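Participant: dropping a prediction and its sequence here:
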Amino acid sequence: MRALRLREWKSDPVLVEVPDPEPRPGQVVIRVGGAGACHSDLHLMRDFEGGLLPWGPPFTLGHENAGWVHALGDGVTGLETGQPVAVHGPWGCGTCARCRLGAENYCEDPANAPVPSGGGGLGLDGGMAEYMLVPDARLLVPLPDGLDPVAAAPLTDAALTPYHAVRRSWGKLPPGTTAVVIGAGGLGHLAIQILKATTAASVIAVDTRPEALELALREGADAALPSDEGTAASIRAATGGRGADVVLDVVGTDATLAMAAAAARTLGDVTIVGIGGGTLPVSFFSVPYEVSLQTTYWGTRPELIEVLDLAARGLLRPDIVEFPLERAVDAYRQLESGKLTGRAVVVPSSAG
Ligand code: NAD
Ligand code: ZN
Ligand code: ZN
């Protein structure tokens, strides 16, 4: 089969021929129907190098995946060949307390995971290929009626990650409050939809690109602001001087982190989602009183089930640009050059 492989750090991926995967006992091979192109893959190609992560190339890219069950290993029950499924992407040990709750993103025994703190497309072979090996049937979530693998793929990361972040701040988003999303790209446009579908907060989107701001307004954002030195002040002005109750920074550079802290309300939440490499100095007077600052990594399997339910009911609608597998490199190029709006999804094979 063909697979888009990252062969070494600081390199572009290449489409090569590799053997079809075969499931061992307990494992499942899926035929991939959609694999999202995440900005994190650009960080893998450009920013990371040996020693930073507990795993490394070579591996097949693609960590937001959905498809159809293709082959079942011995002993797998509860799944049928041809059934549409989403892959829960963070693969933990499967037996620690966190994994048993489905929070494999925060596995406490990563040494006993298939790869420490990674998964398919992050150290192990991912979904930018015709077939993908999933090491345990528990990592597959059947798709509800009305969802196909192309639409489901970005839900497993581009929606699941902001859903996890928004969900933990739900208590701070009653009517009358404001949430800010900095970076209205693949994750950000879905963060806006998630805020609109699950809270009563007003939503302000911030981006550097006019087309991303237009998309944000189409997704239901109440306001869309260009990203510059004046943005935090504009957010304060738009909130009667109070600031935003919740800020999701889906970029994570020095400039956006400073903006997030300056735009936050006392007692607010600032969540760092983007892996832009920035830092935020924190001292008693540098952030509003009692602001909680947090990072976040991906989401849990129960949350993925909730996200799929929202999408199956039409409350989440990923804005998708499809690419065939032979044009996967183009998808990343367009993402990198800021030409894409929404999410690029690579489609290695279609239904039937
Ligand atoms: P994307 O490229 O689709 O979107 C990023 C958006 O940010 C773009 O619209 C871009 O125009 C905008 N942007 C860039 N600089 C900006 C600035 N200074 N101010 C405002 N907007 C700006 O990327 P994506 O796939 O949505 O990923 C976003 C980030 O989230 C990446 O760093 C990615 O690695 C990270 N990520 C984190 C997790 C996690 O678990 N924490 C999961 C997935 C992705
Ligand atoms: Zn990702
Ligand atoms: Zn675990």
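Facilitator: The structure has been received and is ready for your questions. Ligands and ions are numbered 1, 2, ... in the order given.
Participant: contacts for stretch 103-110, please.
Facilitator: 54, 88, 90-99, 113, 116-117, 139, 164, 297-301 (CB atoms under 8 Å, 6 or more residues apart in numbering). Using the backbone N, CA and C atoms, a C-beta is placed for each residue, glycine as well.
Participant: which PyMOL command selects the buried ones in those?
Facilitator: Per 16 or more other CB atoms under 10 Å, the buried members of these correspond to this PyMOL selection:
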select buried, resi 88+90+91+92+93+94+96+98+99+113+116+117+139+164+298+299+300+301
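Participant: where helices are concerned, which of the contacts of stretch 103-110 count?
Facilitator: Under the assignment DSSP state H, those contribute 97-99, 164, 301 to helices.
Participant: what would the residues you listed look like in CSV with pLDDT and distance to ligand 2?
Facilitator: Listed next are the ones in helices among the contacts of stretch 103-110 as CSV, based on pLDDT from 0 to 100; distance: CB to the ion, whole Å:
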residue, pLDDT, distance to ligand 2
97, 98, 25
98, 98, 20
99, 98, 20
164, 98, 12
301, 98, 16
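Participant: distance to ligand 3 added to the residues you listed, as a markdown table?
Facilitator: Shown next, in a markdown table, are the ones in helices among the contacts of stretch 103-110 (distance: CB to the ion, whole Å):
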| residue | distance to ligand 3 |
| --- | --- |
| 97 | 8 |
| 98 | 6 |
| 99 | 3 |
| 164 | 17 |
| 301 | 12 |
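Participant: for stretch 96-115, C-alpha coordinates in PDB please.
Facilitator: Written as PDB, here are the backbone C-alpha positions of stretch 96-115 (Å, rounded to 0.1, in the frame of the first residue of the first chain):
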ATOM      1  CA  CYS A  96      -3.800   2.500  34.500                       C
ATOM      2  CA  ALA A  97      -6.600   4.400  36.200                       C
ATOM      3  CA  ARG A  98      -6.600   7.200  33.600                       C
ATOM      4  CA  CYS A  99      -6.700   4.800  30.700                       C
ATOM      5  CA  ARG A 100      -9.500   2.800  32.200                       C
ATOM      6  CA  LEU A 101     -11.500   6.100  32.300                       C
ATOM      7  CA  GLY A 102     -10.600   6.600  28.600                       C
ATOM      8  CA  ALA A 103      -8.200   9.400  29.400                       C
ATOM      9  CA  GLU A 104      -5.400   7.800  27.500                       C
ATOM     10  CA  ASN A 105      -4.100  11.300  26.600                       C
ATOM     11  CA  TYR A 106      -3.000  11.400  30.300                       C
ATOM     12  CA  CYS A 107      -1.800   7.800  30.700                       C
ATOM     13  CA  GLU A 108       0.200   7.400  33.900                       C
ATOM     14  CA  ASP A 109       2.200   4.400  32.600                       C
ATOM     15  CA  PRO A 110       3.400   5.600  29.200                       C
ATOM     16  CA  ALA A 111       6.400   3.100  29.300                       C
ATOM     17  CA  ASN A 112       3.800   0.300  28.800                       C
ATOM     18  CA  ALA A 113       1.900   2.100  26.000                       C
ATOM     19  CA  PRO A 114       2.600   1.000  22.300                       C
ATOM     20  CA  VAL A 115       4.800   4.100  22.100                       C
END
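Participant: can I assume residue 193 is in contact with residue 316?
Facilitator: Yes: using CB atoms under 8 Å, residue 193 is in contact with residue 316, at 5.2 Å.
Participant: what sits in contact with each of these two?
Facilitator: With CB under 8 Å, 6+ apart, residue 193 and residue 316 have common neighbours residue 159.
Participant: can you give the distance of stretch 299-318 from its chain's centre?
Facilitator: Distance of stretch 299-318 from the chain centroid (CA atoms, centre = their mean, to the nearest Å) equals 13 Å.
Participant: quick check: the residue of the stretch 101-250 of the chain nearest ligand 1.
Facilitator: Here the residue of the stretch 101-250 of the chain nearest ligand 1 is residue 185; by CB to the nearest ligand atom that distance is 1.8 Å.
Participant: now, the most widely separated pair of the ones in helices among the contacts of stretch 103-110?
Facilitator: Farthest apart among the ones in helices among the contacts of stretch 103-110 by CB to CB are 97 and 164. That separation is 17.9 Å.
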